[in-house]
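Undergrad: kindly generate the corresponding structure for this input.
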Amino acid sequence: MPRDSRFIALLGIGAAATAALCAGAWLQAGPAAAAWVAACGIVLVALFAVSTALRYRRIAQLSERLDRALSGERNVSFRGMGEGELAILASQLDKTVTRLVVANEELEAEKHTLADALADISHQLRTPLTSLGIELELMRKAAATPEDSQRVRDCGRMLEQLQWLVSSLLKLARLDAGVVRLERRRVDVAALAKAAQDPLAVAADLAGVTFQARVEPGCSFMGDAAWTREALTNVLKNCVEHTPAGGTVRITAREDTVACRICVEDTGPGIAEKDLPHVFDRFYHGAGNATRRDEDVCNPSGVGIGLSLSRALLVAQGAQITASNVSPTGGARFDLVFPKVTV
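TA: Model prediction:
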């Protein structure tokens, strides 16, 4: 039943006009004429109501088909609307949806092509880098002096950092292209924290930085364990690189009715206030880069990739990451939030 106030008003006007004409006919020609006028008025009002109801029904059908098309259904036709203004509107909608479907198919094809190209680029880059690493190891073993051996080791370290940078850039490109497939399974946070620390154990030990983890028993969330581990590892890596010897990087996690919350804190100098809004920006160089311990230009901590990759990986899962300082005197803090319900 149409609920348009104008439709109700028109029905009222029609009924009032019929009543007025019936009264005039009664006064001028008697009850028989009034009855004929009333019958004609009722028929006209009924025809108007039926035609309007059918029109509203066709509009509702158009709206329902449009909702199906917006939901991703591709085999939606707007034909069969008869003639008139609605038929013209349905024809235009049909053309628009067809064009959108074709554009979407072309976009999907471009994504697959880009994914294949990125896979090929990854292979073409990693093969010579791996070969170069093998050659450097052979050169180190054949080094004539300790100085030569140290230079080769430095080259090897920079090569590892270059491999990490290339890998991170390719992952960011795949995320931007929308070709990364993320799983959605139950992730145990205690196991996740341990897995994220393991790749950094040697680097943290050499830097004199210790890890501390305090995770509530049974703390978990729905997400992709492998990609989340990489995101958390990048956050921990950033903290280790900016924490002085003897410092600590702490991981705490808890779960409430709204979300699973993971907090990473360090005992370093913290993040400059002017850098806080930009720490997750790609290739952003903060003020702290000028005074970092490792001045190696190939150090990935100075190119602004790790935290950007972490945010991209988390946002793709519907999670959030924010940066702040533990206190005004120092200590960086990163909060990872995995909502239980994504709106």
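
Undergrad: all contacts plus neighbour counts: C-alpha atoms, from now on.
TA: Will do.

Undergrad: roughly how far does A225 sit from A231?
TA: As judged by C-alpha to C-alpha, to the nearest Å, A225 and A231 stand 10 Å apart.

Undergrad: now swap in A143 and tell me
TA: Distance, A143 to A231, by C-alpha to C-alpha: 38 Å.

Undergrad: which residue of those two possesses the greater neighbour count?
TA: Neighbour count, other C-alpha atoms under 10 Å: between A143 and A231, A231 has more, with 23 against 15.

Undergrad: just the element for that one, please.
TA: Assigned by DSSP states H and E, A231 belongs to helix 225-241.

Undergrad: and the helices in the stretch 101-250 of the chain?
TA: Along the stretch 101-250 of the chain, counting by DSSP state H, counting those that start in this stretch, helices occupy 146-177, 189-197, 201-207, 225-241.

Undergrad: pull out the buried positions in the first one.
TA: Going by neighbour count (16 or more other C-alpha atoms under 10 Å), the buried part of helix 146-177 is 149, 152-153, 155-156, 158-165, 168-175, 177.

Undergrad: mind listing residues that contact the helix holding A231?
TA: Under the contact criterion C-alpha atoms under 8 Å, 6 or more residues apart in numbering, helix 225-241 has outside partners 182-183, 185, 187, 192-193, 195-197, 199-200, 204, 207, 209, 249, 264-266, 268, 292-293, 301, 306-307, 309-311, 313-314, 332, 334.

Undergrad: tell me which entries of the residues you listed lie within strands.
TA: R185, V187, V249, V264, E265, D266, A332, F334 (DSSP state E).

Undergrad: who's in contact with the closest residue to the last one other than its chain neighbours?
TA: Once flanking residues are discounted, F334 sits nearest to A323: 4.6 Å by C-alpha to C-alpha, 6 or more residues apart in numbering. By C-alpha under 8 Å, 6+ apart, the contact set of A323 is L276, V279, A332, R333, F334, D335.

Undergrad: please name the strands paired to the host helix or strand of A323 in the sheet, noting orientation.
TA: Following DSSP H and E, one finds A323 within strand 320-327. In the sheet, strand 320-327 lines up against strand 330-339 (antiparallel) (DSSP bridges).

Undergrad: average pLDDT for the partner strand?
TA: For strand 330-339, mean pLDDT rounds to 93.

Undergrad: I'd like the contacts of A323 laid out as a markdown table, including distance to E255 and neighbour count.
TA: As requested, the contacts of A323 are exported to a markdown table (distance: C-alpha to C-alpha, whole Å; neighbours: other C-alpha atoms under 10 Å):
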| residue | distance to E255 | neighbour count |
| --- | --- | --- |
| L276 | 26 | 16 |
| V279 | 26 | 22 |
| A332 | 22 | 24 |
| R333 | 18 | 23 |
| F334 | 16 | 21 |
| D335 | 13 | 17 |
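
Undergrad: which one of the residues you listed is nearest to L10?
TA: Closest approach to L10 among the contacts of A323 (C-alpha to C-alpha): D335, at 59.7 Å.

Undergrad: right, and that closest one touches R261 too?
TA: Yes. Counting by C-alpha atoms under 8 Å, D335 does reach R261; the two are 7.1 Å apart.

Undergrad: relative to E135, how far out is the closest residue to K141 other than its chain neighbours?
TA: Distances taken as C-alpha to C-alpha, 6+ apart place S149 nearest to K141, at 7.6 Å, with adjacent residues excluded. Distance of S149 to E135, computed by C-alpha to C-alpha: 13 Å.

Undergrad: now R99: which helix or strand?
TA: helix 85-141.

Undergrad: quick check: angle from that helix to helix 146-177?
TA: Counting by axes from the mean of the first three to the mean of the last three C-alpha atoms, to 10 degrees, helix 85-141 points 170 degrees away from the direction of helix 146-177.

Undergrad: can you name every helix or strand that helix 85-141 contacts?
TA: helix 31-70, helix 146-177 (3 or more C-alpha pairs under 8 Å, 6 or more residues apart in numbering; DSSP states H and E).

Undergrad: can I get these in a markdown table with mean pLDDT and distance to L107?
TA: Listed next are the helices and strands packed on helix 85-141 as a markdown table, based on pLDDT from 0 to 100; distance: least, C-alpha to C-alpha, whole Å:
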| stretch | mean pLDDT | distance to L107 |
| --- | --- | --- |
| helix 31-70 | 78 | 16 |
| helix 146-177 | 77 | 10 |
